[in-house]
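**Q** 3D, please:
(one chain, ligands or ions: 1)
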Amino acid sequence: MPVMKDIRNIVILSGAGISAESGIDTFRSEGGLWERHRVEDVATPEAFARDPDLVLRFYDMRRAAIQTKEPNAAHLALARLDAEWPGELLIVTQNVDDLHERAGAERVLHMHGEHLLAWCTACDTRSPWTGTLIERPPCPVCGERALRPDVVWFGEMPYRMDEIYAALREADLFVSIGTSGAVYPAAGFVRNAREMGAHTLELNLEPSKGTRWFEEARHGPATQIVPAWVDEVLSAAS
Ligand code: BV8
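**A** The predicted structure follows:
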């Protein structure tokens, strides 16, 4: 860990691994989502065009599931860091659950969208959504029956990329938590950060696909290694 007095701006990237101990399926771990569903069948625009019912049921099931889960110690530790860190901090999450927010974090950016939003393809507005979409409910804004999950599928542009790259340019510390490094552009952020001189740290259950790009790596369950790291950062900064 670098000398913390030199650290002012922190960018954190989180993935499914931070929510695993809350009971939310990851994608590529043993028994993960992609073992039971082919990505091409449920997480692409082509899949939605080909079989909308299959895709809507897949997201209806996951939207309902996350509402039965609770944030874990890793989410709570990041929320504490968000509240107490004196410098810039941005939690860029690839996750579409709301556990960072329910833990109390505020500076959260969902680059792949959110389960709890429905996107109207007729009027292009987004509405909070906790129910199902399979019955083709009317858009709360325009009334059209044209709602889809507000989730970024493969082949679609992730959200707020300009803000993310701007934060990476300013970062003194980039921390990746619970992600396999399998999907771009998120998997490339560590290299953007390094090129700009940031220190890079991987916190994951095991080495990710991109672990060689990180100056430092700590491996173990997020509920153990993330609170320990947050304690270290906040005590070094005080
Ligand atoms: C885009 C929302 C253009 C949906 C998701 C060929 C080469 C390179 C790239 C491509 C290529 N062909 C196509 C591409 C682009 C493609 C891509 O990267 N494909 C991959 C498969 C090769 N990417 C896209 O299409 C993206 N869009 O590129 O647009 C563009 C380009 C540049 C700039 C702008 C635009 C859009 C991708 C978004 C897809 N949507 N999610 C949904 O949720 O249903 S992706 C989904 O998988 C996640 O959001 C996440 O991003 C990704 C990886 O998942 P992880 O979060 O990492 O989870 P995973 O299960 O994989 O890993 C869990 C990790 O946690 C593991 O390492 C495990 O060890 C660890 N873990 C487990 N338990 C714990 C733990 N760690 C700690 N504690 C624990 N207890």
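**Q** Can you tell me the SS state at the residue in the chain positioned nearest to the ligand?
**A** Nearest residue of the chain to the ligand: G17, at 2.2 Å (Cβ to the nearest ligand atom). In short, each C-beta sits where N, CA and C put it, glycine included. Secondary structure for G17, judged by DSSP: H, G, I helix; E, B strand; the rest coil, is helix.
**Q** Just the buried positions in the helix or strand in which A77 is found, please.
**A** Per DSSP states H and E: A77 is located in helix 73-84. Within helix 73-84, the residues scored as buried using 16 or more other Cβ atoms under 10 Å are 73-82.
**Q** of these, list those near the ligand.
**A** When Cβ under 6 Å from any ligand atom is applied, no member of the buried residues of helix 73-84 is adjacent to the ligand.
**Q** Now flag whichever of the residues you listed is closest to E46.
**A** Each of these was scored against E46 by Cβ to Cβ, and H75 proved nearest at 33.2 Å.
**Q** Contacts only, for the closest one.
**A** By Cβ atoms under 8 Å, 6 or more residues apart in numbering, the contact set of H75 is 18-19, 22, 99-100, 102-103, 105.
**Q** Taking these together, which two end up most distant?
**A** Largest separation among the contacts of H75 by Cβ to Cβ: S22 and A105, giving 14.1 Å.
**Q** More neighbours: which of these two?
**A** Applying other Cβ atoms under 10 Å to S22 and A105 shows that A105 carries more neighbours, namely 24 against 21.
**Q** Pull the helix or strand bottoming out on mean pLDDT in the chain out as PDB, backbone CA atoms only.
**A** Lowest mean confidence among the helices and strands of the chain (mean pLDDT, DSSP states H and E): helix 33-36, at a mean of 74. Taking C-alpha atoms only, helix 33-36 is exported to PDB below (Å, rounded to 0.1, in the frame of the first residue of the first chain):
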ATOM      1  CA  LEU A  33     -25.500 -17.400 -13.600                       C
ATOM      2  CA  TRP A  34     -23.700 -18.200 -16.800                       C
ATOM      3  CA  GLU A  35     -23.600 -21.900 -16.000                       C
ATOM      4  CA  ARG A  36     -27.400 -22.000 -16.000                       C
END
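**Q** send the alpha carbons of the next helix-or-strand element following that helix over as CSV?
**A** Heading C-terminal from helix 33-36, the first helix or strand you meet, by DSSP H and E, is helix 39-42. Output of helix 39-42 as CSV, limited to C-alpha atoms (Å, rounded to 0.1, in the frame of the first residue of the first chain):
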residue,chain,number,x,y,z
VAL,A,39,-25.2,-15.1,-22.2
GLU,A,40,-26.3,-15.0,-25.8
ASP,A,41,-29.8,-16.1,-24.8
VAL,A,42,-30.5,-13.6,-22.0
